[in-house]
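A.B. asks: Mind folding the following:
(one chain, ligands or ions: 2)
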Amino acid sequence: MAEQREMKAPWHSGKMLCVAIFFIAAVITLVAISVVQNKPIQQKYKYGIVLDAGSSHTALYIYEWPAEKENNTGMVRQRHYCPVKGKGISSYAHNSSGAGLSLMHCIEEAKRKIDPAKHKETPVYLGATAGMRLLMEQDPKSAEKVLSSVKDTLSKTPFDFQGARIITGQQEGAFGWITVNYLGENFGKAAGTMGALDLGGASTQITFVSNQPIESPDNSMDFRLYGSDYQVYTHSFLCYGKDQVLKLALEKQLQSGETLLQDPCFHQGYSQDKQFKDVFDTPCVKTINKDDSKENFTHNGTGDFAQCQSSIQKVFNFSQCTSSRCSFNGVYQPPVVGTFGAFSAYYFVMNFLNLTGQSLEDTKRNLADYCKTPWNEIKQRYGERVKEKYLSEYCFSGTYILTLLENGYNFTEDTWRDITFIDKIEGSSAGWTLGYMLNLTNMIPAEAPDTPLMTHGGFVILILFLSIFLLVLLFLGHRFLGRPSCSSPKDIV
Ligand SMILES: Nc1nc2c(ncn2[C@@H]2O[C@H](COP(=O)(O)OP(=O)(O)OP(=O)(O)O)[C@@H](O)[C@H]2O)c(=O)[nH]1
Ligand SMILES: [Ca+2]
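C.D. replies: Numbers count the residues shown, from 1 in each chain. Ligands and ions are numbered 1, 2, ... in the order given. So this is what the prediction gives:
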């Protein structure tokens, strides 16, 4: 009996412990199950649409991101790209209603790509760049009509239309810089940011964080992003996109009133009759120094890189500079520093010419070889897969890119290595559109978002692990130590 009394107290406390453990395990398991059930494993996505109304063409981008992580860097990704058929919206100056209509095919595609239940909450933005800036300068009434036409079309879509406007060159540069650094997840990190080089058809932008104070307020933008302050140098050169520079270069060569143009930037054997108005019909070409009685000129190629470079240098003014240092045309620019991502036409051209990832010297040598290749050989080699207009211009465009980077922005043999020619980063195109949308939807916070101590998945796994651990503990306790603790009184006797 004495033995029985001695055993009674441990049996009672053991039973209590046993019940407590069962209770805790059950509660934890229930919590874990409810956590798993309440939060679907499948992410909920949000969408945003941006139309890039460029000078040469318009493109529609659909972006998507997990709804619960919209403030984290690198979360927004490009889901879909739709190139609008035909030319840019500024080409509809004399047929403005055509501008809105031209977007319909891509809008229909966007409707199919995005879940109809999400259409109403999906913002759509249109930003127009240098082509519309030039049209606004040349013919503001037509520019307004073109903008009204695209606004009209976009406001009739099921999406949440947020406006169609001409963005400034400064915004274009800054948002391109935000895009590449957002996709590269560079914000808030010690490693620093990447500069952005964008070459369009009608303008070109250079944007980077300088290691010197920025002398001109027009070229300076301040951002606080993810807890870090950035002072960015940016400049957009209107008329220095590759299509407009071609017109400037032709105009310089046509100034003598010739109707036969021997052009070193085109391949030997290339010969095309062209209209003077195609060269002079732009506000970028100011001097109208032609013989009005003649409509056409013959454009012949001679294929000489060195002469092409000297001819292109004439479109830059290197002589006037009122700041401590300039790029060209009297525009202040601090020395280039850090890495750069070069996209849009920089990529199209350098990728076609296979000139990415080479030293400046090799790039020049290879480009010189390409330029001196006769036109019929070029057509034979690439004619099947490349549009003839693009094909004829690669020697000119490559030479312009080298001249702009080396003589214009002052990249050297050394800093040339810091330039990467990029098309996409992690599947999303490099360009201003993503940065523009992130800004307008307030998705780039000034401060780094509070990171939860643990991800949702990690929390679920931890809870399950703890539950299993407690059950194992209970089993072991029961098996080896606690026979008395979780057994019936009969067993003890
Ligand atoms: N070779 C080649 N050129 C292209 C391609 N796509 C566009 N281009 C040309 O490259 C130049 C720049 O194109 P984009 O970056 O789209 O220019 P954009 O946005 O229309 O012009 P901006 O308003 O000045 O930015 C233009 O001259 C285009 O005609 C391509 O796939 N291959
Ligand atoms: Ca562009």
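A.B. asks: since we're on the residue nearest to residue 448 when sequence neighbours are not counted, how many residues are nearby?
C.D. replies: Distances taken as C-beta to C-beta, 6 or more residues apart in numbering place residue 227 nearest to residue 448, at 4.1 Å, with adjacent residues excluded. (C-beta placed from N, C-alpha, C; glycine too.) Counted with other C-beta atoms under 10 Å, the neighbours of residue 227 add up to 12.
A.B. asks: Buried residues, stretch 297-311. List them.
C.D. replies: 297, 299-305, 307-309, 311 (16 or more other C-beta atoms under 10 Å).
A.B. asks: Would you mind pulling the contact partners of it?
C.D. replies: 249-250, 252-254, 258-274, 276, 364, 367-368, 371-375, 395-396, 399, 402-403 (C-beta atoms under 8 Å, 6 or more residues apart in numbering).
A.B. asks: Pull out the buried members of those residues.
C.D. replies: With burial judged by 16+ other C-beta under 10 Å, the buried subset of these is 249-250, 253-254, 261, 263-270, 276, 364, 367-368, 371, 375, 395-396, 399, 402-403.
A.B. asks: Please list which of those residues are also close to ligand 1.
C.D. replies: Among the buried ones among the contacts of stretch 297-311, proximity to ligand 1 is found for none (C-beta under 6 Å from any ligand atom).
A.B. asks: Okay, and which of these map to helices?
C.D. replies: 249-250, 253-254, 276, 364, 367-368, 371, 375, 395-396, 399, 402-403 (DSSP state H).
A.B. asks: TSV for the buried residues of stretch 297-311, including distance to residue 170, secondary structure and pLDDT?
C.D. replies: Formatted as TSV, those follow (distance: C-beta to C-beta, whole Å; DSSP: H, G, I helix; E, B strand; the rest coil; pLDDT from 0 to 100):
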residue	distance to residue 170	secondary structure	pLDDT
297	37	strand	95
299	35	strand	98
300	40	strand	98
301	37	strand	98
302	39	coil	98
303	38	coil	98
304	37	coil	98
305	34	helix	98
307	35	helix	98
308	31	helix	98
309	29	helix	98
311	30	helix	97
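A.B. asks: In a markdown table, list these along with distance to residue 413.
C.D. replies: What follows is those, written out as a markdown table (distance: C-beta to C-beta, whole Å):
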| residue | distance to residue 413 |
| --- | --- |
| 297 | 38 |
| 299 | 33 |
| 300 | 33 |
| 301 | 29 |
| 302 | 28 |
| 303 | 25 |
| 304 | 23 |
| 305 | 17 |
| 307 | 22 |
| 308 | 20 |
| 309 | 16 |
| 311 | 23 |
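A.B. asks: now, among these, which is nearest to residue 197?
C.D. replies: residue 309 (18.9 Å; C-beta to C-beta).
A.B. asks: measure the closest one to residue 402 for me?
C.D. replies: 7 Å (C-beta to C-beta, to the nearest Å).
A.B. asks: which strands and helices sit next to the strand or helix carrying residue 207?
C.D. replies: If you go by DSSP states H and E, residue 207 is part of strand 203-209. In this structure, strand 203-209 makes packing contacts with helix 169-183, strand 195-199, strand 228-238, judged by 3 or more C-beta pairs under 8 Å, 6 or more residues apart in numbering; DSSP states H and E.
A.B. asks: And these: which comes nearest ligand 2?
C.D. replies: strand 195-199 (6.4 Å; C-beta to the ion).
A.B. asks: Can you tell me which helices and strands the closest one packs against?
C.D. replies: helix 169-183, strand 203-209, strand 340-344, helix 345-352.
A.B. asks: can these go into JSON lines with extra columns for mean pLDDT, mean neighbour count and distance to residue 232?
C.D. replies: Shown next, in JSON lines, are those (pLDDT from 0 to 100; neighbours: other C-beta atoms under 10 Å; distance: least, C-beta to C-beta, whole Å):
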{"stretch": "helix 169-183", "mean pLDDT": "98", "mean neighbour count": "26", "distance to residue 232": "6"}
{"stretch": "strand 203-209", "mean pLDDT": "98", "mean neighbour count": "26", "distance to residue 232": "6"}
{"stretch": "strand 340-344", "mean pLDDT": "98", "mean neighbour count": "25", "distance to residue 232": "13"}
{"stretch": "helix 345-352", "mean pLDDT": "98", "mean neighbour count": "20", "distance to residue 232": "19"}
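A.B. asks: closest to residue 380 out of those?
C.D. replies: Per C-beta to C-beta, nearest to residue 380 of the helices and strands packed on strand 195-199: helix 345-352, 16.0 Å.
A.B. asks: The closest residue to residue 425 other than its chain neighbours: what's it in contact with?
C.D. replies: Excluding its sequence neighbours, the residue lying closest to residue 425 (C-beta to C-beta, 6+ apart) is residue 183, at 3.9 Å. The contact partners of residue 183, by C-beta under 8 Å, 6+ apart, come to 74, 425-426, 428, 430, 434.
A.B. asks: Got the confidence number for the residue in the stretch 1-150 of the chain positioned nearest to ligand 2?
C.D. replies: At 4.0 Å from ligand 2, residue 54 is the closest residue in the stretch 1-150 of the chain, using C-beta to the ion. What the model reports for residue 54 is a pLDDT of 98.
A.B. asks: pretty sure it contacts residue 200?
C.D. replies: Yes. When contacts are counted by C-beta atoms under 8 Å, residue 54 is listed as touching residue 200 (5.9 Å).
A.B. asks: out of the helices and strands packed on strand 203-209, nearest to residue 326?
C.D. replies: strand 228-238 (10.3 Å).
A.B. asks: Show me what the closest residue to residue 266 other than its chain neighbours is bridged to.
C.D. replies: The spatially closest residue to residue 266, leaving aside those adjacent along the chain, is residue 301, at 3.0 Å (C-beta to C-beta, 6+ apart). Listed by DSSP bridges, the beta-bridge partners for residue 301 are residue 263.
A.B. asks: Distance check, residue 301 against residue 122.
C.D. replies: From residue 301 to residue 122 the distance is 48 Å (C-beta to C-beta).
A.B. asks: Then residue 221?
C.D. replies: With C-beta to C-beta as the criterion, residue 221 and residue 122 are 28 Å apart.
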